[in-house]
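Trainee: fold the following.
(one chain, ligands or ions: 4)
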Amino acid sequence: MEVRWVLLQLGTSLLLLSAVAQSAESQGFYTNSWAVHIHGGEEEAQCIARKHNFIYHGNVFGDYYHFQHRRVVKRSLSGHRGVHVRLHSEPQVVWAEQQVAKRRRKRDIYSEPTDPKFPQQWYLYNINRRDLHVKEAWAQGFTGRGVVITILDDGIEKDHPDLAQNYDPDASYDVNDRDPDPQPRYTQLNDNRHGTRCAGEVAAAANNGVCGVGVAYNARIGGVRMLDGEVTDVVEAQSLSLNSQHIHIYSASWGPEDDGKTVDGPAKLAKEAFLQGVTEGRGGLGSIFVWASGNGGREKDSCNCDGYTNSIYTLSISSTTQYGNVPWYSEACSSTLATTYSSGNLNEKQIVTTDLRKKCTDSHTGTSASAPLAAGIIALALEANMNLTWRDMQHLVVRTAHPAHLITSDWRTNGVGRLVSHSYGYGLLDASAMVALARNWSSVGPQHKCVIDMLTEPREVRNQLLFSKSVEACSGQLDFVSSLEHVQARLTLSYSHRGNLAIHLISPLGTRSTLLAPRPQDNSAEGFNDWAFMTTHAWDEDPRGEWTLEIENVAGLNDYGVLSQFTLILYGTGSSSADLSASDFSRPSNNSCKTFDAQQICIECSAGSSLYLQGCVKACPPGFTSGLQLLNLSLENWVEQSSVQACLPCHPACLTCSGPGEAECLSCPSHSHLVATSCLRQNQVQRKSPAGPTQNVQRGDGSDSDPDLDSDGPSPQKGLSSHLPVLVAVLSCAFILATFAAVFVLLQLHSGAANASFYRRTKLPVTDSSGRGMRVAFGFGLSRDWTSSRVAYRGIPTVWGDEDTAGGMNSESDSEELDCHSEKTAFIRTQSAL
Ligand SMILES: [Ca+2]
Ligand SMILES: [Ca+2]
Ligand SMILES: [Ca+2]
Ligand SMILES: [Ca+2]
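Mentor: Ligands and ions are numbered 1, 2, ... in the order given. So this is what the prediction gives:
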């Protein structure tokens with residue numbers, strides 16, 4: 001039961017450790033050298049160096065000298081206070097500072113990859129700037145180092161000269177043949193070249209004289225061979241969940257038939273794999289699934305009828321051509337997030353990448369080619385900030401993708417002023433802007449999900465149905481959404497001719513999403529069965545207000561159907577009193593630091609912020625509370641004591657709290673209950689609460705039962721059964737005592753030594769016991785006495801004493817045992833007095 005508390009502690013420690021590690025990484029480390037300002041010249045400096053075990057490295061300029069300590073370690077996360085203070089104790093030492101090795105990135109040494117095909121990779125860098133700004137991201141120092149990507153496809157040529165260097169067997173598997181080797185099956189027509197081509201786009205090696213380069217040319221790349229065989233739900237689920245603590249990004253360029261008439265998505269296991277991926281993958285930050293939006297443009301397919309790309313868990317990518325046109329194969333839908341380049345018309349260039357049989361190609365095409373470019377850019381962003389969650393990554397895309405020169409007639413300004421299109425989502429990905437924003441991104445709060453049943457009764461759909469309803473977006477509840485991410489409209493709709501339908505969803509701020517455009521090939525009469533149409537177009541909007549669903553028949557005059565379900569699901573962020581501390585808690589930063597110490601560590605925050613992990617936070621994290629902390633400023637041989645506002649840990653008894661005291665809890669660890677503002681341990685509560693059977697009686701009488709305890713406690717029946725052994729024990733105890741007392745009295749009478757006082761004394765345990773037993777049954781706080789009195793007597797008949805111990809009363813504290821023993825001893829003494 002204490003697991004939750006332990007986990008909280010562990011979590012806090014990990015946060016602390018990671019924060020320390022991060023700050024160390026960003027702030028550098030302490031070296032064993034000191035810069036010292038000494039009056040009195042070089043001789044004096046040398047003398048002081050010798051005295052304090054420093055190697056004298058000479059004069060820097062003026063009275064400043066360079067010392068190196070003989071004993072202090074070369075690299076350390078914290079400064080050596082002792083040496084520092086001793087050095088300062090010398091009167092000639094005016095100033096001294098332990099030197100920190102700072103992180104410095106070399107400037108202007110970045111040079112373009114020398115690979116022969118790099119100049120033809122127009123989408124990575126183009127002199128006319130119609131590119132993905134990848135070169136600038138490289139120049140910022142990000143090339144995918146430390147990031148692991150896998151391509152879910154028809155295999156990967158792991159020994160390709162441009163892939164071998166970055167190939168990662170731990171990010172690879174052959175689901176089709178159930179072996180670890182995802183090498184593609186070679187055929188005359190090279191059918192299985194797709195995965196190898198996609199892999200090269202992500203992570204083909206740089207400067208090796210082979211082919212071109214991948215977007216993230218220092219990332220590790222693997223492949224899952226899963227399309228070269230029967231693709232079942234199990235095959236998909238296995239692929240999507242492969243090594244999710246090792247693989248960061250899964251790139252998939254496949255889906256249901258793009259025939260313009262299919263409505264299909266992940267089945268049970270694949271759905272579960274997505275959910276597990278985003279909740280548990282990548283240490284809980286969430287696996288990132290990058291998905292190609294589909295190639296069914298010619299069939300006028302809608303990517304919203306593809307449950308993989310339409311899913312909120314996939315980051316869906318569409319294509320644009322070299323000249324910024326919508327390619328012929330592109331599918332339009334509201335779930336697409338952004339766009340990268342790919343092939344277009346014959347006069348437009350295609351994608352350069354690795355090809356099967358250790359070759360290089362400049363003719364990779366389709367949305368298949370776009371998703372891996374996005375996966376590469378996401379790898380760069382992840383290298384810039386490994387703490388990004390799967391949702392953070394989508395936020396970054398929404399904020400940095402831009403319409404650029406992309407041509408379409410459907411650019412619209414949404415409710416928060418962003419241009420968004422059904423062909424391009426938020427536009428062209430920008431690698432440079434992504435990494436720049438990623439570096440300083442603080443994670444968005446936890447995902448809220450507000451589910452609203454919109455229909456009260458089924459609605460007939462003939463030529464048009466307009467349905468509007470105002471929503472509060474779960475305002476006042478835990479799942480309140482004040483800022484949108486994804487929106488789903490789950491519809492169950494029967495219709496005689498599905499392909500004739502156009503469905504739109506209009507947000508309170510007027511953003512109009514095309515959930516479904518008419519599909520001429522779709523003659524199905526099956527309609528939609530609880531299909532979750534998704535839109536990303538209202539991202540960051542406030543969802544409160546009137547939502548409108550528009551269902552329109554664009555052709556047939558005799559079509560007919562019924563809308564029987566319309567569930568609006570709002571995903572996003574929002575604050576509610578219950579998780580205020582969690583959602584408003586931001587990572588400590590130095591932005592609102594008021595005072596730094598000599599080592600540039602924040603020791604005091606400005607008003608409104610509290611000190612936490614050597615940074616400042618507006619709200620303390622769960623498990624902490626803002627309070628005054630004593631600060632010892634021991635600089636320059638003087639000590640000043642003052643108090644600063646800091647995040648203090650809650651009292652160990654509380655899980656979350658309003659203050660540091662034991663009686664200032666807001667919530668309790670699972671092994672205890674909140675009573676008023678204190679957390680009482682389970683057994684404390686049990687001791688205070690009436691024992692099972694009596695509790696039952698009390699409830700029957702309607703007398704004082706504690707509502708807090710009732711709500712959390714077992715049912716009366718359960719209470720009775722769980723307290724039954726105790727009741728039996730009490731009764732047997734009383735019975736034994738009575739018997740014992742009777743025998744004792746008889747003995748006394750028999751020996752003729754009976755007198756009133758002795759009688760009372762020997763009988764005392766009996767009355768005492770039964771009396772206590774009564775109070776245990778009806779009162780609060782006395783079961784402890786009862787326990788000790790009962791345990792005290794277990795020493796009498798040794799035969800059942802041990803059995804009694806086995807009967808569940810062996811969890812007594814040491815002090816209680818001690819009490820028991822003393823009582824037992826006392827009693828035996830009385831006995832021996834007999
Ligand atoms: Ca194999
Ligand atoms: Ca290369
Ligand atoms: Ca499709
Ligand atoms: Ca998606």
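Trainee: from here on, contacts and neighbour counts on C-alpha atoms
Mentor: OK.
Trainee: give me every residue in the chain lying close to ligand 3.
Mentor: Residues of the chain lying near ligand 3 by C-alpha under 5 Å from the ion: 258, 294, 303.
Trainee: confidence score at the residue in the stretch 351-500 of the chain positioned nearest to ligand 1?
Mentor: The nearest approach of the stretch 351-500 of the chain to ligand 1 comes at residue 356, 15.4 Å away (C-alpha to the ion). pLDDT for residue 356: 98.
Trainee: quick revisit: which among the residues of the chain next to ligand 3 gets closest to ligand 2?
Mentor: Comparing the residues of the chain next to ligand 3 against ligand 2 with C-alpha to the ion places residue 294 closest, at 28.1 Å.
Trainee: just give me the neighbour total for that closest one.
Mentor: The number of residues packed near residue 294 is 28, by other C-alpha atoms under 10 Å.
Trainee: residue 189 now?
Mentor: Neighbour number of residue 189 under other C-alpha under 10 Å is 7.
Trainee: tell me how far it lies from residue 343.
Mentor: The gap separating residue 189 from residue 343 is 21 Å, by C-alpha to C-alpha, to the nearest Å.
Trainee: on that earlier part again, got a markdown table for the residues of the chain next to ligand 3, with secondary structure too?
Mentor: Formatted as a markdown table, the residues of the chain next to ligand 3 follow (DSSP: H, G, I helix; E, B strand; the rest coil):
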| residue | secondary structure |
| --- | --- |
| 258 | coil |
| 294 | coil |
| 303 | helix |
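Trainee: residue 140: which of those residues is nearest?
Mentor: Of all the residues of the chain next to ligand 3, residue 294 has the smallest distance to residue 140: 32.3 Å, by C-alpha to C-alpha.
Trainee: and the closest one, backbone torsions?
Mentor: Main-chain torsions, residue 294, degrees, to the nearest 10: phi 120, psi 160.
Trainee: quick one: contacts for it?
Mentor: Contacts for residue 294 (C-alpha atoms under 8 Å, 6 or more residues apart in numbering) come out as 253-255, 258, 303, 318, 329-331, 367-368.
Trainee: what sits closest to residue 314 if chain neighbours are left out?
Mentor: Closest residue in space to residue 314, ignoring its immediate chain neighbours: residue 289 at 4.8 Å, by C-alpha to C-alpha, 6 or more residues apart in numbering.
Trainee: SS state for that neighbour?
Mentor: Going by three-state DSSP: residue 289 is strand.
Trainee: beta partners for it?
Mentor: Judged by DSSP bridges, the bridge partners of residue 289 are residue 250, residue 314.
Trainee: likewise residue 412?
Mentor: residue 420.
Trainee: got the contact list for it?
Mentor: By C-alpha under 8 Å, 6+ apart, the contact list for residue 412 reads 418-421.
Trainee: what is the nearest of the residues you listed to residue 543?
Mentor: Of the contacts of residue 412, the one sitting nearest to residue 543 (C-alpha to C-alpha) turns out to be residue 418, at 15.9 Å.
Trainee: any idea how far ligand 4 is from the closest one?
Mentor: Distance, residue 418 to ligand 4, using C-alpha to the ion, to the nearest Å: 19 Å.
Trainee: also residue 280?
Mentor: 19 Å.
Trainee: that residue contacts residue 274, doesn't it?
Mentor: No. Taking C-alpha atoms under 8 Å as the definition, residue 280 is not a contact partner of residue 274, at 9.9 Å.
Trainee: before we move on, back to that, pLDDT score for the residue nearest to residue 314?
Mentor: At residue 289, the model reports a pLDDT of 98.
Trainee: ok, now which ones touch the residue in the stretch 101-250 of the chain positioned nearest to ligand 1?
Mentor: Nearest residue of the stretch 101-250 of the chain to ligand 1 (C-alpha to the ion) works out as residue 181 at 4.2 Å. Contacts for residue 181 (C-alpha under 8 Å, 6+ apart) come out as 169, 172-174.
Trainee: same deal with residue 212?
Mentor: Per C-alpha under 8 Å, 6+ apart, neighbours of residue 212: 115-118, 121, 204-206, 352-354.
Trainee: using CSV, please lay out these together with neighbour count and secondary structure.
Mentor: Compiled in CSV, those are given as follows (neighbours: other C-alpha atoms under 10 Å; DSSP: H, G, I helix; E, B strand; the rest coil):
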residue, neighbour count, secondary structure
115, 16, coil
116, 14, coil
117, 18, coil
118, 22, helix
121, 20, coil
204, 34, coil
205, 29, coil
206, 24, coil
352, 27, strand
353, 29, strand
354, 33, strand
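Trainee: closest to residue 193 out of these?
Mentor: Using C-alpha to C-alpha, the contacts of residue 212 come closest to residue 193 at residue 354, 9.2 Å.
Trainee: wait, the closest one touches residue 158, no?
Mentor: No. The pair residue 354 / residue 158 is not scored as a contact, 11.0 Å apart, by C-alpha under 8 Å.
Trainee: burial count for the residue of the stretch 451-600 of the chain found nearest ligand 4?
Mentor: As assessed by C-alpha to the ion, ligand 4 sits closest to residue 534 within the stretch 451-600 of the chain, at 8.1 Å. For residue 534, the neighbour count with other C-alpha under 10 Å is 28.
Trainee: first-to-last residue distance for stretch 65-83?
Mentor: The first and final residues of stretch 65-83 sit 16 Å from each other (C-alpha to C-alpha).
Trainee: ranges for the helices of the stretch 301-450 of the chain?
Mentor: Shown for the stretch 301-450 of the chain, the helices assigned by DSSP state H, counting those that start in this stretch span residues 367-384, 390-400, 431-439.
Trainee: can you tell me which helices and strands the second one packs against?
Mentor: Secondary structure elements in contact with helix 390-400, counted by 3 or more C-alpha pairs under 8 Å, 6 or more residues apart in numbering; DSSP states H and E, are helix 431-439.
Trainee: what's the helix it packs on packed up against?
Mentor: If contacts are counted by 3+ C-alpha pairs under 8 Å, 6+ apart, helix 431-439 sits against helix 134-139, helix 367-384, helix 390-400.
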